[in-house]
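K.L.:
turn this into a model:
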Amino acid sequence: MVTNDGEGGEEKGRSMSSQAAGNQTASGAADDYSDWYLDEPQDGQELPAEGAVPSCHPSVLSGLLHTCLAVLSVLVLLLLAVLMRRRQLRPRCRHGGPRLPSPVDFLAGDMTWTVPAAVFMVLFSSLCLLLPAEDALPFLTLASFPSGDGRTVTLRGPWKILSLLYYPALYYPLAACATVRHGAAHLLGSMLSWAHFGVQVWQRAECPQTPQIHKYYSLLASLPLLLGLGFLSLWYPVQLVRSVRRRPGVGSEGLQSSYSEDYLRTLLCRKKLASSSRASKHGFLSRAWVSYRNYIYTPQRGFRLPLKLVLSATLTGSAIYQVALLLLVGVVPTIQRMRAGITTDICYLLAGFGILLSEDKQEVVGLVKYYLWALEACYISALVLSCSLTFLMLIRSLVTHRTNLQALHRGAALDLGPLPQHPHPSRQAIVCWMSFSAYHTAFTCLGLLVQQIIFFLGTTILAFLVFMPMLHGRNLLLLRHLESSWPFWLTLSLAVILQNTAAHWVFLETHHGRPELTNRRVLYAVTFFLFPINVLVGAMVVAWRVLLSALYNAIHLGQMDLSLMPPRAAALDPGYYTYCSFLKIEASQSHPATTAFCTLLLRTRQPRRPQDGLRRGEEEEGMQLLQTKDPAARGVGSRARQGRARWGLAYTLLHNPALQAFRKPALSGA
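P.N.:
The predicted model follows:
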């Protein structure tokens, strides 16, 4: 008994000593690994993620700056309205109150295109910056409220819609200062443009990095905005200096129309130009230059694109930049972070899917990084190709616009399918004219996105299934499939070659210089026996047709001057219908020949100054007939001249109904 008690005491002592040793080991382990948690956040604070952009606290709140800009814009707009009323710049406003000036004279032929293009570029860039912004309105901070599932929800949808109306109202006075054409308006435009430009530069200088999408996305996306505002802040002071130096009363009349007169002068002198340049069109360089001008837009003497088309081209360029920037900074940095974070754990992930690249884990890491680099290269190449094609299609479209407008100015009827051809404007045509530039911008954005997806998929398939397997000699999936199915492809190839050879040498004979069908029995037999193989060939042709149609439509999706449907269904294409209606409004309401006709017709009612009219010695007979209003001088010409002039007048009035509204006052006052 004593012995047993001694043994139990020894075991109990051993257990107690082992527990003590275990406690010491545990305490030692705790002491050894206590430094693991030195970087833990204290008091429940969260550490920022790696590469995260810290919040920016500007010295002046953005909401306060935009509130001041909004108030300043309203004051400028009211001053412009009072200025128009006081200076009587609009004769119809004499007996009414102050009226708002027009932001852009879209149908004015001599309106400068630089200011509207800059304002529209600023407006579109502001809308692009609105997409990733947390606050819908810059001066309004939205409140968050808890939802039913415990999450915090911020209602931004209605405010985003309201912001689509806020920014046009904000930049309305900035564009209207150019249409008033007065020194005081230029002064107001200088102050307003400087204020906008200063606020934008201040904000970008204090907070160049933002957490949305990419830390430098907001700065890069605002470059067109800064470019447009910088141009306006220089253009308005230059116009202010010119208005101060100019004599009062000069240039205040609205009858001058230099572009329309240049157009008419070029039109009447075209025979001399054509006869002088006919001998120089036989050389190779001349033919190459003509071909180049048919596909690449170059300025043409005596013709100017309408303001709407210039705005569409400017917005298309801005849309290409904004969409390309969004696609670049939204995907490429993510792929680069993924490639930098690849470790040997990727081997276990691939093994879970049954993919074994190599036995060496480091080699697997290198291969995965190489594949991610190839994926990034395919993405960037597809983006460059998409932007290049979109820009080239834009340049090609400008040539088409000029050709169509010149044909409409000559009174020709374009081949627009089943669309209405009458020149009178309609309600739908006016709506299409109003929305043309906006539609063109949206089509360009969506077309560039679709092209990027298709080209990225195509380059990725070619890179991973064709080029990389051939270079490295591994993963030859496509080549092995082609190797195993070579009898199928050989049969299809031989069938196609056999039919083409037989059609050329067996089934066609030339008699008396005309090909005739022969050997009809053999033709019928070959057609019957090759029917199953031709079914398979037809399946390949269908796949090729779908691929080509998708590629063609994706490339031309941003073009509104080209219908993506057959001619009989062209009216169902909303983009093409909008384009045709836009051309109809432009040709009927802003015809340069009719504008010159009205100018010359109304100019005879007032004293003639050298700077107001065309020199009589420079023009041909047609211009002299248009300028002549004196009955005595009119009777000097022959009856043939009078008949040609009257028929020309009738033809012009028939194809340009907008002229009829100006003819009666001119005749009654003559």
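K.L.:
show me which helix runs longest in this structure.
P.N.:
Of all segments of type helix in the chain, defined using DSSP state H, the longest is helix 361-409.
K.L.:
quick one: name whatever helix or strand follows that one.
P.N.:
With elements assigned by DSSP states H and E, the helix or strand that comes after helix 361-409 is helix 427-434.
K.L.:
which strands and helices sit next to that following helix?
P.N.:
helix 574-589 (3 or more CB pairs under 8 Å, 6 or more residues apart in numbering; DSSP states H and E). Backbone N, C-alpha and C define where each C-beta goes, glycine included.
K.L.:
which other helices and strands does the helix it packs on contact?
P.N.:
Counting by 3+ CB pairs under 8 Å, 6+ apart, helix 574-589 packs on helix 361-409, helix 427-434, helix 436-462.
K.L.:
which among those helices is found nearest to R339?
P.N.:
When the helices and strands packed on helix 574-589 are compared by CB to CB, helix 361-409 sits nearest R339, at 4.3 Å.
K.L.:
let me see the mean pLDDT of the closest one.
P.N.:
Per-residue pLDDT over helix 361-409 has a mean of 89.
K.L.:
that helix packs against which elements?
P.N.:
Partner elements for helix 361-409 (3+ CB pairs under 8 Å, 6+ apart): helix 284-295, helix 307-340, helix 346-352, helix 436-462, helix 574-589.
K.L.:
quick check: buried residues in the shortest one?
P.N.:
Spelled out, that is helix 346-352. Within helix 346-352, the residues scored as buried using 16 or more other CB atoms under 10 Å are 346-347.
K.L.:
ditto for the second one
P.N.:
If you call a residue buried by 16+ other CB under 10 Å, then helix 307-340 has these buried ones: 307-329, 331, 333, 339.
K.L.:
now find how far off-centre it is within its chain.
P.N.:
10 Å (CA atoms, centre = their mean, to the nearest Å).
K.L.:
return the angle between stretch directions for that helix and helix 361-409.
P.N.:
180 degrees (axes from the mean of the first three to the mean of the last three CA atoms, to 10 degrees).
K.L.:
residues contacting the residue nearest to N534 when sequence neighbours are not counted?
P.N.:
Once flanking residues are discounted, N534 sits nearest to A495: 7.1 Å by CB to CB, 6 or more residues apart in numbering. Applying CB atoms under 8 Å, 6 or more residues apart in numbering to A495 gives the contacts 530, 533-534, 537.
K.L.:
among these, which pair sits farthest apart?
P.N.:
L530 and V537 (8.9 Å).
K.L.:
Serialize the helices and strands packed on helix 574-589 to TSV and add fields for mean neighbour count and distance to V180.
P.N.:
Formatted as TSV, those follow (neighbours: other CB atoms under 10 Å; distance: least, CB to CB, whole Å):
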stretch	mean neighbour count	distance to V180
helix 361-409	17	29
helix 427-434	15	23
helix 436-462	19	23
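K.L.:
in stretch 572-581, what's buried?
P.N.:
In stretch 572-581, counting by 16+ other CB under 10 Å, buried: 573, 575-581.
K.L.:
on that earlier part again, for L490, which of the helices and strands packed on helix 574-589 is the nearest?
P.N.:
When the helices and strands packed on helix 574-589 are compared (using CB to CB), the closest one is helix 436-462, at 23.4 Å.
K.L.:
quick one: terminal-to-terminal distance for stretch 125-138?
P.N.:
With CA to CA, to the nearest Å applied, stretch 125-138 spans 15 Å between its terminal residues.
K.L.:
and it, what's buried?
P.N.:
For stretch 125-138, by 16+ other CB under 10 Å, it's 125-126, 128-130, 132, 135-138.
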